[in-house]
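Student: Mind folding the following:
(one chain, ligands or ions: 1)
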Amino acid sequence: MMTRIQLPKIPWYEITPENVYLNRRSFMKGAGLALGAAALTACGSMPEAGAGSAESASATQAETTLAEAGATADELGDPLNTFDQITNYNNYYEFSTDKQAVARLAKDYPTSPWTVEVGGLVSNPGAYDMDDLRQMFEIEERIYRLRCVEAWSMVIPWQGFPLADLLTVVEPKAEAKYVRFETILDPERMPGQSSSWYQWPYVEGLRIDEAMNPLAILGTGLYGKDLLPQNGAPIRLVAPWKYGFKSIKSIVKIDLVAEQPTSLWMAAAGHEYGFYANVNPEVNHPRWSQATERRIGEGGRRPTLPFNGYEEQVAYLYEGMDLRANY
Ligand code: MTE
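Tutor: Next comes the predicted model:
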């Protein structure tokens, strides 16, 4: 079920170029402006370079996508990255640390059938088949910037549904303070999981109020097609105000927990990768600056925006917190 593009309540088209307007419409619809809703690197060894190319999977969603409808930019007016760029320049350490090898190595990874177990401190634990999840929740489109901690970035038209929708169904108990996510553990087919550098499976976490923020989605597709294995098929987190490593791929387990989860990157190099990992141009990585970034497909560098440009939607979550200490 794909959300149709709806006419906006506010006529931005009077003040906004059409491509920006089309995207802003989707952004407003989903992203959050739903006011009132309550020598290890995470992604490589150095800030990087380059992008490459591949073919797509079957599209199961038939209705018009924003990209098809002509949305070519995010709400800031920055152009979408191409399907080729997004699907051929990937961080997915379970397959390879070489970004341009991931697509080839992950190509035949079986992602159906797929079950996501949701449990821990909830009243309604459940094991959900991917097809059921697609039916249970309205699939929306969100054009989001993805900013990797390595200082490269892309603009990606995702499909997915709000994480909050799933959490509401399972009913977190009062003691639940965090959400812990786990990627599939399959060392036979994921060669990277044989590396003892990391503590597998990949684990990530959000504070529960972060997880309930309307910007946080469980991504199931991009550019109107189901996710390809290299992008974390069939289901991954997308938390666009945080460095990309928080957006864990190929999720099989979601638990509501009382204590802050230790992520794979915290376990590997906690002094470099913290729990919060909010995009912050003022707090450098110990080995490189976070003040600027390279947009894949562009020459030069551009300034990095606080919270990756989503400050208005998420800054309230961190009021009173020292964002240097809580990196
Ligand atoms: N999830 C898993 N399971 N394994 C990974 O290696 N890499 C992370 C994140 N999710 C990663 C992961 C990093 S570092 C980034 S930048 C994004 O995925 C990249 O997502 P993309 O390849 O779809 O652009």
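
Student: Excluding sequence neighbours, find me the nearest residue to the closest residue to the ligand within the chain.
Tutor: Taking Cβ to the nearest ligand atom as the measure, the chain has residue 244 as its residue closest to the ligand, at 2.6 Å. Quick note: C-beta positions are derived from backbone N, CA and C, even for glycine. Spatial nearest neighbour of residue 244, chain neighbours left out: residue 148 (4.2 Å); criterion: Cβ to Cβ, 6 or more residues apart in numbering.

Student: Could you do residue 186 as well?
Tutor: residue 193 (6.9 Å).

Student: Next, the one you found: secondary structure please.
Tutor: Remark: residue 193 carries the secondary structure label helix [criterion: DSSP: H, G, I helix; E, B strand; the rest coil].

Student: Next up, the contacts around it.
Tutor: 94, 185-187, 200-201 (Cβ atoms under 8 Å, 6 or more residues apart in numbering).

Student: I'd like to know how many residues surround residue 185.
Tutor: Residue 185 is flanked by 13 other residues according to other Cβ atoms under 10 Å.

Student: quick one: it is in a strand?
Tutor: No - residue state for residue 185 (three-state DSSP) corresponds to coil; a strand is not indicated.

Student: isn't it right next to residue 201, touching?
Tutor: Yes - with the criterion set as Cβ atoms under 8 Å, residue 185 and residue 201 qualify as a contacting pair; they are 4.1 Å apart.

Student: For the protein, just list every one of the strands.
Tutor: Residue ranges of the strands in the chain, as given by DSSP state E, are 115-120, 126-129, 140-147, 152-162, 178-183, 203-207, 217-222, 225-226, 236-238, 251-257, 292-295, 302-303.

Student: could you dump those to CSV with mean neighbour count and distance to the ligand?
Tutor: CSV is the format used below for those (neighbours: other Cβ atoms under 10 Å; distance: least, Cβ to the nearest ligand atom, whole Å):
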stretch, mean neighbour count, distance to the ligand
strand 115-120, 18, 14
strand 126-129, 14, 19
strand 140-147, 25, 6
strand 152-162, 23, 7
strand 178-183, 24, 4
strand 203-207, 22, 8
strand 217-222, 25, 8
strand 225-226, 19, 13
strand 236-238, 24, 7
strand 251-257, 21, 8
strand 292-295, 19, 12
strand 302-303, 10, 17
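
Student: returning to what we had before: among the contacts of residue 193, who's most crowded?
Tutor: For those, counting by other Cβ under 10 Å, the largest number of neighbours falls to residue 94: 27 neighbours.

Student: who's in contact with that one?
Tutor: Contacts were defined as Cβ under 8 Å, 6+ apart; by that measure residue 94 touches 183, 186, 190-193, 200, 202, 250.

Student: same check, this time on residue 206
Tutor: Each residue near residue 206 by Cβ under 8 Å, 6+ apart is listed here: 178-179, 181, 216, 237, 239, 246.

Student: got a pLDDT number for it?
Tutor: The score at residue 206 is 98. That number is its pLDDT.

Student: And it, how far from residue 150?
Tutor: Per Cβ to Cβ, to the nearest Å, residue 206 is found 21 Å from residue 150.

Student: likewise residue 120?
Tutor: Computed as Cβ to Cβ, the residue 120 to residue 150 distance reads 31 Å.

Student: for residue 199, same thing?
Tutor: Residue 199 is 21 Å from residue 150, by Cβ to Cβ.

Student: more crowded one of these two?
Tutor: For residue 199 versus residue 150, neighbours defined as other Cβ under 10 Å are more numerous around residue 150 (24 against 14).

Student: what about the helices in this structure?
Tutor: Listed in chain order, the helices of the chain (DSSP state H) span residues 18-30, 83-88, 102-106, 130-136, 163-170, 208-212, 264-269, 311-314.

Student: For the ones you listed, give me TSV that also has distance to residue 327 and mean neighbour count.
Tutor: As requested, those are arranged in TSV below (distance: least, Cβ to Cβ, whole Å; neighbours: other Cβ atoms under 10 Å):
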stretch	distance to residue 327	mean neighbour count
helix 18-30	27	21
helix 83-88	27	21
helix 102-106	27	21
helix 130-136	32	16
helix 163-170	23	18
helix 208-212	15	19
helix 264-269	11	18
helix 311-314	16	17
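
Student: Export those helices to CSV and append columns for distance to the ligand.
Tutor: Rendered in CSV, the data for the helices of the chain read as follows (distance: least, Cβ to the nearest ligand atom, whole Å):
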stretch, distance to the ligand
helix 18-30, 19
helix 83-88, 6
helix 102-106, 7
helix 130-136, 16
helix 163-170, 15
helix 208-212, 16
helix 264-269, 8
helix 311-314, 18
